[in-house]
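Undergrad: based on what follows, work out the 3D shape:
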Amino acid sequence: MSTLNKKNIFNIVNFYKSTTYEGKKSMDCVLSTWISFEPENQELVVKFMPPPYTKKKSNVIHDLVKNNNIPLEKWPQYPIKILESAETYTEALLKMEKLIEEEFNYTTDYCTTDVEDAEDNNNNLKKK
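TA: Down below sits the predicted model:
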């Protein structure tokens, strides 16, 4: 995206149309290359893994960001607002810690356990 600072490749974003299971605002760290502009709705969007977030899923997405990988094509896009930017993943995590102390949740605040996630997957497979 042309308006983003190329030096700041890590962006802390607010999924402003989503709240967490605890009612907190939802945020996470994404790469600037994952962000695009949706002209139809005139908003920034990001490709991001859909919930629910388990420890395993959270580790996958954070490894993708940390290692500067691309998001999966099948992931949906979510409208976002950029809260902070950082040059390094470590710097981004430090900035996120400050935001977490305030009013945001982050995908490490799991909605389900890995066992619950596996049970959901098994139930979905049985339905097919």
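
Undergrad: could you check how far the closest residue to residue 45 other than its chain neighbours is from residue 59?
TA: Leaving out its chain neighbours, the residue that sits closest to residue 45 by Cβ to Cβ, 6 or more residues apart in numbering is residue 77, at 4.2 Å. C-beta here means a position set from N, CA and C on the backbone, and glycine is covered the same way. Computed with Cβ to Cβ, to the nearest Å, the distance linking residue 77 and residue 59 is 22 Å.

Undergrad: show me which of the two is the more surrounded one.
TA: Between residue 77 and residue 59, counted using other Cβ atoms under 10 Å, residue 77 has the larger neighbour count: 16 against 12.

Undergrad: that older thread, my read is that the residue nearest to residue 45 contacts residue 38, right?
TA: Yes - between residue 77 and residue 38 there is a contact at 7.2 Å, judged by Cβ atoms under 8 Å.

Undergrad: now do the shared contacts for the two.
TA: residue 45 (Cβ atoms under 8 Å, 6 or more residues apart in numbering).

Undergrad: which strand residues sit across from the residue nearest the centre of the chain in the sheet?
TA: The centre of the chain sits closest to residue 28, judged by Cα atoms, centre = their mean, with a distance of 4.3 Å. Using DSSP bridges, the bridge partners assigned to residue 28 are residue 13.
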